[in-house]
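> What would the 3D arrangement of this be:
(chains A and B)
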Amino acid sequence: DTGVSQNPRHKITKRGQNVTFRCDPISEHNRLYWYRQTLGQGPEFLTYFQNEAQLEKSRLLSDRFSAERPKGSFSTLEIQRTEQGDSAMYLCASSLMTRDRGQRRPFYEQYFGPGTRLTVT
Amino acid sequence: GEDVEQSLFLSVREGDSSVINCTYTDSSSTYLYWYKQEPGAGLQLLTYIFSNMDMKQDQRLTVLLNKKDKHLSLRIADTQTGDSAIYFCADSTLTFGKGTMLLVSP
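Residues are numbered from 1 along each chain as shown, chains lettered A, B, ... in the order given. Modelled structure (predicted):
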């Protein structure tokens, strides 16, 4: 397994167009996360899945953003009617539950993909 | 929403110790993370600490947690030029700081 992969790596689109990005997680990882990162900022959490269930979507930036993980494996992030402010790096991460020695609470170590850079002209 | 704050820039000489500081607002965070991002590379989890710990040491890295002040620090001993990167802290709500750029000069 080569880690989390994202496609495409770069996307240039015109304002108003729809775009879709794909993320393939590490195969045994059951959680998958989407983030947005703009220049000079840290990653901004958008949503995450446990298997095929989307457990958190209140932090999606607007109703133009949606994500799916239909079979609990790869995921897609779609942005409809893109705006110039959507230009950013979109990051995907996946994780598997582990337990740290001596801790009762589970821990999820996230492995990040290389990202998809979106430019909206 | 929750907030995580970091100083933006730190410059040290090779061989010195580096200390990167972070403050957070989410008092219910069960664990806090430090990530490293090198130019052109993805984010990499460097270390983490559970909220019931005050300190965690991992080779050259030492994490200190002050829950009362909601303050987290990352100390890198014997800093090397290869440690030059942006370091992010994050809380359990997956809120990240803006990152601290560490520049290590020879």
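
> what does chain B have sitting close to chain A?
Contacts of chain B with chain A, taken as Cβ under 8 Å from any Cβ of the partner chain, map to B:4, B:30-31, B:41-45, B:48, B:50, B:52, B:88, B:90, B:93-99. In short, each C-beta sits where N, CA and C put it, glycine included.

> What residues are bridge-paired with whichever residue of chain B sits closest to chain A?
Of all residues in chain B, residue B:96 sits closest to chain A, at 3.2 Å by Cβ to the nearest Cβ. Residues in a beta bridge with residue B:96, per DSSP bridges, are residue B:90.

> I figured it was touching residue B:90, is that so?
Yes. The pair residue B:96 and residue B:90 passes the contact test of Cβ atoms under 8 Å, sitting 4.5 Å apart.

> got any residues that touch both of those two?
The contact sets of residue B:96 and residue B:90 overlap at A:42-43, B:4, B:35 (Cβ atoms under 8 Å, 6 or more residues apart in numbering or on different chains).

> Can you tell me which of those residues comes closest to residue A:82?
residue A:43 (19.8 Å; Cβ to Cβ).

> how deep is that closest one tucked in, by neighbour count?
Using other Cβ atoms under 10 Å in any protein chain shown, residue A:43 has 28 neighbouring residues.

> what helix or strand is the residue nearest to it when sequence neighbours are not counted on?
The shortest distance from residue A:43 to any non-neighbouring residue, by Cβ to Cβ, 6 or more residues apart in numbering or on different chains, is to residue A:35 (3.9 Å). Using DSSP states H and E, residue A:35 sits in strand A:31-37.

> Residue B:50 is in contact with residue A:100, correct?
Yes. Using Cβ under 8 Å, residue A:100 is in contact with residue B:50, at 6.7 Å.

> that older thread, okay, residue B:96 and residue B:90: which has more neighbours?
residue B:90 (26 against 23).

> Does that one touch residue B:36 like I think?
No. The criterion here is Cβ under 8 Å, and residue B:90 misses it with residue B:36 at 11.9 Å.

> Would you mind listing the buried residues in stretch B:65-77?
B:65, B:70, B:72-76 (16 or more other Cβ atoms under 10 Å in any protein chain shown).

> between the residues you listed, which is closest to residue B:59?
Closest approach between these and residue B:59, by Cβ to Cβ: residue B:76, at 9.9 Å.

> picking that back up, could I get the contacting residues of the residue of chain B closest to chain A?
Contacts of residue B:96 (Cβ under 8 Å, 6+ apart): A:42-45, B:4, B:35, B:88-90.

> 10 Å instead?
By Cβ atoms under 10 Å, 6 or more residues apart in numbering or on different chains, residue B:96 lies in contact with A:35, A:37, A:41-45, B:4, B:6, B:22, B:33, B:35, B:43, B:88-90.

> Of those residues, just the buried ones, ChimeraX syntax please.
In ChimeraX, this line selects whichever of these come out buried by 16+ other Cβ under 10 Å:
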select /A:35,37,42,43,44,45 /B:4,6,22,33,35,43,88,89,90
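
> Can you flag which of the contacts of residue B:96 belong to strands?
A:35, A:37, A:44-45, B:4, B:6, B:22, B:33, B:35, B:43, B:88-90 (DSSP state E).

> how about the nearest residue to residue B:28, chain neighbours excluded?
According to Cβ to Cβ, 6+ apart, the nearest residue to residue B:28 is residue B:92 (7.4 Å).

> same deal with residue A:71?
Using Cβ to Cβ, 6+ apart, the nearest residue to residue A:71 is residue A:52, at 6.4 Å.

> Isn't the one you found up against residue A:75?
Yes. Between residue A:52 and residue A:75 there is a contact at 9.4 Å, judged by Cβ atoms under 10 Å.
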